[in-house]
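K.L.:
Sequence and predicted structure, then a few things I'm wondering about:
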Amino acid sequence: MTPPHEAIDGGAGGAPTPTASPTDSPIDSPAGAFDAARRQFEAQAAAAPVRADGHFETLGFTPLDVCYGPATADEAAATDYLGKLGFPGQFPYTRGIHPNLYRGKLWTMRQFAGFGSAADTNARYKYLLERGQTGLSVAFDMPTLMGYDSDHPRAEGEVGKCGVAVACLADMERLFQDIPLGDVSVSMTINGPAAVIWAFFIAAAEKQGVARARLSGTTQNDILKEYQAQKEYLFPPQPSLRLVVDTIEFGTNELPRWHPVSISGYHIREAGSTALQELVFTLGNGFAYVEGSIARGLDVDAFAPRLSFFWNSHSDFFEEIAKFRAARRIWARRLRDRYGAKSPRSMQLKFHTQTAGCSLTAQQPENNIVRTAFQALAAVMGGTQSLHTNSLDETLALPTERSVKIALRTQQVIAEETVVPAVVDPLGGSWFVESLTDRMEREAEAYFARLDKLGGIVAATEKGWVQREIGEASYRLQREYEQRKRRIVGVNAYVEEDDGTRPDILKIDESTARDQRAHLAKVRARRDRAKHARALEAVKEACREGRNVMPLLIDAAHAEATLGELCDAMRDVFGIWREGREF
């Protein structure tokens, strides 16, 4: 019989119990390697900070250890513990990138928010921060996402509807009015025009007197998944990749606390992929950005630590946890073995998670609170660094303040009441979860081999192969729902008569668009025309000559060039992309 798993910490929040002795095995033996790794973990866990307000015991007052694992070196060897799992904070990081994880610091509770005008969203941010949110996440409206100003004809009817309208530096300033940008982490979900929006943000911080080196946060800026899933691209793939590398290079040199890319599986999953496809295509995109940055001449250990990931947490509880664990392991091995990373920080996959929007239902919307809760729990048990929980009404409209508060409270209940954060990788060693994790890795490697035969992820995307894979998976799952082979409570199971009641929903009227048009007219009238013209031409020249465009975009932001003007300047050089028919 396998011995019971043993605690790897001597008490609740205290120093780990030493296990080494003068009779330990030689370090070059399997037993010696296990003992050395264990001692290293114990030292790291003992030195790591511990939350003063943390409770590391059960509700029955039983002390909990920071981590549980093999009881003996023989058990570790039998399961290839060091090769496949390792202790938390140790290669290959299957069990997490920090030795004590949430004992030291809870995940960032980062609710995605944006609607109407910059002033409207600024008020929502202050509301969330006052209620315990610990980071900001910006949702932009469709014109902004597509690189158009709010007064462009294509923006008609869309201004402020699915996010906040940001068309110039003044909008970015209003968005963060009275919020010190040097003191709060900000995530921005923007892709095609990401470089321009980031330039607006940096310029707004400079006008607050905040140095670039103090800014912390993330720009999503993952353009490959736009061609694969979300379809909010502006330029063809190759110049778009070049812009991503521009931001990585600029961030590496100027903003050491900023994540210039959040490599995003979320939208791939929302488009209908399986968990495996989300894992493969997302990591594949990440490898493409690494290769592009190395080709630019950047040292992998200079930029890789600032790459981050963004995953979907769907309804298959254990599969999601296995996906997160497999992702860490694959990334660590590939960065070390293929790309030559030496720094552990380069090999540590850091990620944000959002619960699955595509799992929410308009029918019986209160059920969405339950769905979101266990999806969030899977993300926490999988070791996420930050988390967004969806609101119950998001399938109907942008969330109300009440539903946003419930979503935030869901995270706070997990953090404060479940005791889950007390133990790192609590499902580590489970036969089921370890089997799922191994299978996910094995099947992912087979998928990577198929991508290599197609010429890599970029070529496979340009050919439409990735899109077809996602489409076929989506169709198969939808057919199973329609045939009731799979059930959704309130939709094709436990259906109730519709009584006509609906939750209150947030509505954005057309006054936002009128005000935004008037605001942009004032910006254009007051700016220095000569300075503005020079700034736009400088951006075009940088695009034509292959120079990093970020410094010129920041200069143009200060010259009050608008989003649409800057994106049009780049369209003039790069052209646009029209996707072929794939089905």
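P.N.:
Perfect, thanks for sending it.
K.L.:
for the closest residue to Ser117 other than its chain neighbours, what are its contacts?
P.N.:
In this structure, Ser117 finds its nearest non-sequential neighbour in Thr512, 5.3 Å apart by C-beta to C-beta, 6 or more residues apart in numbering. Every C-beta, even on glycine, is put in place using the N, C-alpha and C of the backbone. By C-beta atoms under 8 Å, 6 or more residues apart in numbering, the residues touching Thr512 are Gly116, Ser117, Asp120, Val159, Gly160, Ala165.
K.L.:
Now do the strands in the stretch 351-500 of the chain.
P.N.:
Here the stretch 351-500 of the chain has its strands, by DSSP state E, counting those that start in this stretch, at 351-355, 386-388.
K.L.:
before we move on, back to that, max pairwise distance over the contacts of Thr512: which two?
P.N.:
Distance extremes for those: the farthest pair is Asp120 and Val159 at 11.6 Å, using C-beta to C-beta.
K.L.:
Between the two, which is the more surrounded one?
P.N.:
Neighbour count, other C-beta atoms under 10 Å: between Asp120 and Val159, Val159 has more, with 28 against 18.
K.L.:
what about the most centrally placed residue in the chain, is that helix, strand or coil?
P.N.:
Central residue of the chain (C-alpha atoms, centre = their mean): Phe310, 2.3 Å from the mean position. Look at Phe310: counting by DSSP: H, G, I helix; E, B strand; the rest coil, its state is strand.
K.L.:
List the contacts of it.
P.N.:
When contacts are counted by C-beta under 8 Å, 6+ apart, Phe310 touches Gln220, Asp222, Ser262, Ile263, Ser264, Gly265, Tyr266, Phe351, His352, Thr353, Gln354.
K.L.:
Identify the farthest-apart pair in those.
P.N.:
So, these by C-beta to C-beta: farthest apart are Asp222 and Thr353, at 15.1 Å.
K.L.:
rewinding a little: is the residue nearest to the centre of the chain bridged to anything, and to what?
P.N.:
Assessed by DSSP bridges, Phe310 has beta-bridge partners Ser264, His352.
K.L.:
quick one: it from Thr189, how far?
P.N.:
To Thr189, Phe310 is 9 Å away according to C-beta to C-beta, to the nearest Å.
K.L.:
what touches both of those two?
P.N.:
Common neighbours of Phe310 and Thr189 (C-beta under 8 Å, 6+ apart) are Gln220.
K.L.:
Pick out the lowest-pLDDT one from the contacts of Thr512.
P.N.:
Lowest pLDDT among these: Gly116, with 87.
K.L.:
Excluding sequence neighbours, find me the nearest residue to that residue.
P.N.:
Gly160 (4.2 Å).
K.L.:
Would you mind saying which of the strands of the stretch 351-500 of the chain lies nearest Lys540?
P.N.:
Each of those was scored for nearness to Lys540 using C-beta to C-beta, and the closest is strand 351-355 (34.1 Å).
K.L.:
Can you give me the buried ones in the closest one?
P.N.:
Residues Phe351, His352, Thr353, Gln354, Thr355 are the ones in strand 351-355 that count as buried (16 or more other C-beta atoms under 10 Å).
K.L.:
for stretch 379-397, same thing?
P.N.:
With burial defined by 16+ other C-beta under 10 Å, the residues of stretch 379-397 counted as buried are 379-397.
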